[in-house]
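Colleague: After the sequence you'll find the predicted model.
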Amino acid sequence: MKADGIQVYSGPMKTMTVSEAETGFARLLRWVESGEEVEITQHQQPVAKVVPLPKPAAASLAGSVLEEGDFVSPTGARWEAAS
């Protein structure tokens, strides 16, 4: 069956030939961005698999801030603006 003008073989993973991947590279990237894995074949033999990168884990600042003393109350220090 053809999807978007590219031959897609039935199975768990989409498959494209090298020439289809060259001419439809933007489409290949859209598939991968949406979570698809795409196998690239040459002469009916698999030569590469394009897979999405893992999503980065959310950064956590928990435990990375050290609190010492009272940082809310006025210090009494005078600050002067530079002219």
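Modeller: Everything's here; your move.

Colleague: Show me what counts as buried in stretch 26-39.
Modeller: Within stretch 26-39, the residues that qualify as buried by neighbour count (16 or more other CB atoms under 10 Å) are Arg27, Leu28, Trp31, Val32, Val38, Glu39. C-betas here are computed from N, CA, C, even on glycine.

Colleague: Format those as TSV; extra columns: distance to Ala62.
Modeller: Shown next, in TSV, are the buried residues of stretch 26-39 (distance: CB to CB, whole Å):
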residue	distance to Ala62
Arg27	41
Leu28	39
Trp31	36
Val32	33
Val38	38
Glu39	41
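
Colleague: Nearest to Thr17 among these?
Modeller: Glu39 (10.1 Å; CB to CB).

Colleague: In what element of secondary structure is the closest one found?
Modeller: strand 38-42 (DSSP states H and E).

Colleague: List the pairing partners of the helix or strand just after that strand within its sheet, with orientation.
Modeller: Per DSSP H and E, strand 38-42 leads on to strand 45-50 as the next helix or strand towards the C-terminus. With DSSP bridges as the test, strand 45-50 is paired with strand 38-42 (antiparallel).

Colleague: how far out from the middle of the chain is the strand it pairs with?
Modeller: Computed by CA atoms, centre = their mean, to the nearest Å, the chain-centroid distance of strand 38-42 equals 21 Å.

Colleague: do the same with stretch 57-77
Modeller: The answer for stretch 57-77 is 32 Å, by CA atoms, centre = their mean.

Colleague: Got phi/psi on the most centrally placed residue in the chain?
Modeller: Geometric centre of the chain, nearest residue: Leu53, 4.8 Å, by CA atoms, centre = their mean. Backbone torsions of Leu53, given as degrees, to the nearest 10, read phi -70, psi 150.
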